[in-house]
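[1] fold the following and give me the result.
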Amino acid sequence: QVQLVESGGGLVQAGGSLRLSCAASGRTFSNYNMGWFRQAPGKEREFVARISWSSGRIYYADSVKGRFTISRDNAKITVYLQMDNLKPEDSAVYYCGAWGAGTDYWGQGTQVTISS
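    Sure thing, here's the model as predicted:
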C-alpha cells in the first residue's frame, strides 16, 4: 500500500520559516515526480513545487520562487519543502503528491498558517 505522510506544518508569523516533510513508502518512485500542491479556503488547489525523482530536475510556481526550496533524500524516500520568508498568502493546506506512469498518490495534507 502506497503511503505519503506529510509533517511539519504549523503556525508562524510572516517572515518566518517552516520545513515540510513527505515520507513515501509502498513502492519505488524512480519514474515519478514528487512535489507539493496547496489549497487555501475557497480556492483551487495549486502547484507549488516538484522534483523529478530520476533526474532531480526542479520546478517552482512563480509565487514561491526564491523563497521555497524543494529537496529529496533518496535513501529515506522523503521530499522536503523548505519555506522561508513566509507570507500570509502562503496559508493553505499543503499536499504532498507523487505522480507518473499514469498514476498519482497523495498525502492527507498539512496545515500551514501564516499570521501577519
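[2] list the buried residues in stretch 10-18.
    If you call a residue buried by 16 or more other Cβ atoms under 10 Å, then stretch 10-18 has these buried ones: 12, 18. For the C-beta atoms, the positions are set from N, CA and C on the backbone; glycine is no exception.
[3] swap in stretch 27-40?
    Of the residues in stretch 27-40, those buried by neighbour count under the rule 16+ other Cβ under 10 Å are 29, 32-38.
[4] please save the CA atoms from that stretch in CSV.
    As requested, the backbone C-alpha atoms of stretch 27-40 are provided in CSV (Å, rounded to 0.1, in the frame of the first residue of the first chain):
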residue,chain,number,x,y,z
ARG,A,27,6.6,1.3,-4.0
THR,A,28,9.6,2.7,-5.9
PHE,A,29,9.2,6.2,-7.3
SER,A,30,12.1,6.1,-9.7
ASN,A,31,10.0,7.3,-12.7
TYR,A,32,7.8,9.7,-10.7
ASN,A,33,7.7,13.3,-10.0
MET,A,34,7.1,14.2,-6.4
GLY,A,35,6.1,17.6,-5.1
TRP,A,36,3.8,19.9,-3.3
PHE,A,37,0.4,21.5,-4.0
ARG,A,38,-1.6,23.7,-1.8
GLN,A,39,-5.2,24.7,-1.3
ALA,A,40,-6.5,27.7,0.5
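[5] distance check, the residue nearest the centre of the chain against Gln1.
    The central residue of the chain, meaning the one whose C-alpha is nearest the mean C-alpha position (Cα atoms, centre = their mean), is Trp36 at 2.8 Å. For Trp36, the distance to Gln1 equals 22 Å [Cβ to Cβ, to the nearest Å].
[6] can you get me a residue count around Arg57?
    As a burial measure, the neighbour count of Arg57 was computed by other Cβ atoms under 10 Å and equals 10.
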